[in-house]
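> Model the following, please.
(2 chains)
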2 protein chains.
Amino acid sequence: MDFLVYGGSVVTMGRLGVVRDGAVLVEGDRIVEVGRSEEVKRRNPRGYERIDAEGKIIIPGLVNTHHHLAMSLLRGYADDLPLKEWLEKWIWPVESLMTGEDIYLGAKLTAVESVLGGCTTVNTMYHYAPEFNEARAIAEVGIRGVVGHVCFSWRKDEDIRLTKMLVEKWHGAENGRVRVSVDPHAPYTVDPGYMRELWSLTSELNEKYRDKAPVIWHIHLAETMDEAEKVEKAFNVDVKDGVVVYLDRLGVLGPIVIAAHCVHLTDKDIAVLASRDVKVSHNPVSNLKLGSGISPVPRLLESGVTVGLGTDSVCSNNSSDMFETMKLAALIHKGVSMNPALMDAWRVLRMATIDGARALNWSDEIGSIEPGKKADLVIIDAMKPHMRPMYSEVSHLVYAAKYGDVETVFVGGRPIVENREVKTVDVEELITQVSKARDRLMEKVRR
Amino acid sequence: MDFLVYGGSVVTMGRLGVVRDGAVLVEGDRIVEVGRSEEVKRRNPRGYERIDAEGKIIIPGLVNTHHHLAMSLLRGYADDLPLKEWLEKWIWPVESLMTGEDIYLGAKLTAVESVLGGCTTVNTMYHYAPEFNEARAIAEVGIRGVVGHVCFSWRKDEDIRLTKMLVEKWHGAENGRVRVSVDPHAPYTVDPGYMRELWSLTSELNEKYRDKAPVIWHIHLAETMDEAEKVEKAFNVDVKDGVVVYLDRLGVLGPIVIAAHCVHLTDKDIAVLASRDVKVSHNPVSNLKLGSGISPVPRLLESGVTVGLGTDSVCSNNSSDMFETMKLAALIHKGVSMNPALMDAWRVLRMATIDGARALNWSDEIGSIEPGKKADLVIIDAMKPHMRPMYSEVSHLVYAAKYGDVETVFVGGRPIVENREVKTVDVEELITQVSKARDRLMEKVRR
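Residues are numbered from 1 along each chain as shown, chains lettered A, B, ... in the order given. This is a model prediction of the structure:
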């Protein structure tokens, strides 16, 4: 679709900064021009559908760097419990009863929820099932995503087989909208040998798909205070310098790694994250809700680490709302450090857009509104009472804007949401299917 | 207006708990019956307008226990700055240029913003101006509020005069929707003698208006770490046991006091808050944004202190969103204490409703859906993707529901919002006026 959005404030997250009364020209799936409305219109007098964005803000699609899309079937199933009880008595038993179709439906619900909140790219880790899976849900809703199959020591052969199937079927699919990652679950569930094996697999895949997108490596890391101890006990290894240092000694860190959480880090861990250019996904809602603690993000940023934002699954959130996550990321570090100048709005908006794209090794195509990039655009209504008056678009985006202010969303130039209506999926029908899946699941739990 | 809402989940916050397929019967401004839809309908076969609430959740109007409504004209004007610079270079200079009309317009914008998010009662402290003021804004929008004139040592005579005018004109006005409080700004800006004088005034007023509602006392307390030191320096008094203990020695604490913030408390302070039945307004967003710290709310609750939730002004928030505040209140204490079982959803929902009403000494009329109480009702759409599937209404209200899910709001049986449209105010016109007021203000700042 070729079109020209004009008259709004374009928050490019690129070299042009914020362009008031700005325009974005899109041809096919790409942005071809960005500038002042007047000039872009003058240079392109006709041939484009025109979208009037007066009173609106246009931002690049938000990037959610850590999720488990499938788990939305369990939204609100169990909250406010001690971590061990929550996992062992509630989440794991019901997860073991979930079918491929449940995974697909849950992922579809989350994809719809995400795009309605201006998020156009998600990074997700879950169990891959050949027919019904998260990749299919992402493809059908029309958003962009990196999909991985979560790997554990106790099912190595199955994991390798499924990861290879996933890569073959989905890496680069849907005109490049879907990418695949290799996903070791965490240092305490993946033994050192298997960790290295998965790293080799990743290298092989990146060799094989040299012409396509990078196959990244998505792992939970340093989420809880006892993680080092858990790794030591599980594999009889030395983790006293920190879990990041431990992984580095295994030789499995580099710029293609995105590490979710990174809450409990030693000084040496932080230095390694920076020197290996490991990317970090900061998940403040989940870290608070599960009582994990607070990631030292200001120190990571000072050290030059690239940090994106994530929601984590709805089981520990319970939503996929990147606006909420931005605001919390801006607030929490100010509060615990008692320094209101930390984590300013601009910095946080970068984390949700261009730095999130960098964290997924995808910033050549997404994360900012610049000529040549994919046309992932979000149009936000800035005329509601809670968005008025206006001094700074960036302040409003982080501190005042809400999930429901997202009006229209394009992914690769294709309209996925128009005036809050999802164009690619029958949402009412999806909700009915989700309710039925929930009831079936609870039926199984009761048995 | 007499009407019957039926078919939804009624989260009463009273003895009935959550009534699924429940109904609420309203006559005039009061709730007369609550129960299962079938039964309430059978007992009241006709004569009521019927509102079908299938797929919706009905909650009592949310109570915001600390705000400065007028300040919304400064939303996003200055963020992310060190506290001293923020106040002295940005907020105070522009506030000094605000006219009565600015105060009235700002308050009206906030009242509209509040009710669109399901908040029906606000507790606000600002400068009173006889013609245009916050009380008038609240009255016109049709919500409920406690309005105070903020008192400082440097303008005693003016304060006493304005507070008396405010009480005479507005206390109990609008069929009891508007109440008035006495508002000493804070222990470091109100000297000990003036503090006692304002306490005497409050006692006199409560004597005089014995038949009307209580005149409560609204104060900022223990907001920042250096408050005790500031009080000691300003008035050469002993505050080493804490600022609450200091106020108690002055004899100005009791059940009509609502203390906003209470972040930096000594053990003795907490004991005094409990023994004097002082109410606390917890403002987590503001406390984080200004880098004030984190209030020990779990300890306050354990000690038996009544704690309500507040947003504080949009200058330190930057919104008036009680859903956001609920979620943050549930999350933050889990995270900093590393205990996910703290501050469960039910507890937090109570803080935003019935405990908030108690904190304002208003729980005889508001805060829960029970026969005899005022019909302040909020109908929430629970069929959106981010609210599906459903296991627990209470979990969803705190962890998943958003500002924009509020569909319809009644205050005292009167519809103020219907399908997200404000019925009492021309919102578009208000937004135009607000933009003009902002431009006038900035014009003055530039001069």
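> near chain B, which residues of the stretch 101-250 of chain A show up?
A:L109, A:V112, A:E113, A:L116, A:G117, A:M225 (CB under 8 Å from any CB of the partner chain). To be clear about C-beta, it is placed using only N, CA and C from the backbone, and glycine gets the same treatment.
> which of those tops the neighbour count?
Neighbour counts for these peak at A:L109, which has 31 neighbours (criterion: other CB atoms under 10 Å in any protein chain shown).
> next SSE after whichever helix or strand it is part of?
Secondary-structure assignment from DSSP states H and E places A:L109 in helix A:100-116. Next helix or strand after helix A:100-116 toward the C-terminus (DSSP H and E): strand A:119-126.
> export that next one as CSV, just CAs?
Output of strand A:119-126 as CSV, limited to C-alpha atoms (Å, rounded to 0.1, in the frame of the first residue of the first chain):
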residue,chain,number,x,y,z
CYS,A,119,3.5,-3.0,19.5
THR,A,120,4.5,-4.3,16.1
THR,A,121,7.4,-6.6,16.9
VAL,A,122,7.6,-9.3,19.6
ASN,A,123,10.4,-11.6,20.7
THR,A,124,8.8,-14.8,22.0
MET,A,125,10.0,-18.0,23.6
TYR,A,126,7.7,-21.0,24.0
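> Can you tell me the strand partners of that strand and which way each runs?
Its sheet considered, strand A:119-126 pairs with strand A:62-67 (parallel), strand A:144-151 (parallel) by DSSP bridges.
> Distance from the biggest helix by length in chain A to the middle of the chain?
Ordering each helix of chain A by length in residues (DSSP state H) puts helix A:427-446 first. Its chain's average C-alpha position is 25 Å from that of helix A:427-446, according to CA atoms, centre = their mean, to the nearest Å.
> List the buried residues for it?
Using 16 or more other CB atoms under 10 Å in any protein chain shown as the burial criterion, the residues of helix A:427-446 that qualify are A:V427, A:L430, A:I431, A:Q433, A:V434, A:A437, A:R438, A:R440, A:L441.
> okay if I get those residues as a markdown table plus distance to B:G172 and pLDDT?
A markdown table is the format used below for the buried residues of helix A:427-446 (distance: CB to CB, whole Å; pLDDT from 0 to 100):
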| residue | distance to B:G172 | pLDDT |
| --- | --- | --- |
| A:V427 | 47 | 98 |
| A:L430 | 51 | 98 |
| A:I431 | 46 | 98 |
| A:Q433 | 53 | 98 |
| A:V434 | 49 | 98 |
| A:A437 | 53 | 97 |
| A:R438 | 49 | 97 |
| A:R440 | 56 | 97 |
| A:L441 | 53 | 96 |
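> so which of those comes closest to chain B?
Comparing the buried residues of helix A:427-446 against chain B with CB to the nearest CB places A:R438 closest, at 3.8 Å.
> out of everything not next to it in sequence, what's closest to A:L74?
A:C315 (5.1 Å; CB to CB, 6 or more residues apart in numbering or on different chains).
> Count residues in the vicinity of the one you found, would you?
25.
> give the contact list for it.
A:H68, A:M71, A:L74, A:R75, A:Y77, A:A78, A:I91 (CB atoms under 8 Å, 6 or more residues apart in numbering or on different chains).
> Please list all residues in contact with the fourth one.
A:R75 is in contact with A:V314, A:C315, A:N318, A:S319, B:R388, B:P389, B:Y391, B:H396, B:A400, counting by CB under 8 Å, 6+ apart.
> picking that back up, ok, of the contacts of A:C315, which one's closest to chain B?
Using CB to the nearest CB, these come closest to chain B at A:Y77, 5.0 Å.
> contact partners of the one helix or strand in chain A whose mean pLDDT sits lowest?
The helix or strand of chain A with the poorest confidence is helix A:83-85; it has a mean of 90 (mean pLDDT, DSSP states H and E). By CB under 8 Å, 6+ apart, the surrounding residues in contact with helix A:83-85 are A:T224, A:L290, A:G291, B:P340.
> same thing but 7 Å
Helix A:83-85 has contacts (CB atoms under 7 Å, 6 or more residues apart in numbering or on different chains) with A:L290, A:G291, B:P340.
> The closest residue to the second one other than its chain neighbours: how many residues sit nearby?
Put plainly, it is A:G291. Distances taken as CB to CB, 6+ apart put B:P340 closest to A:G291, at 3.7 Å, once the chain neighbours are dropped. Residues contacting B:P340 under the criterion other CB under 10 Å number 23.
> Please consider this matter closed, and thank you.
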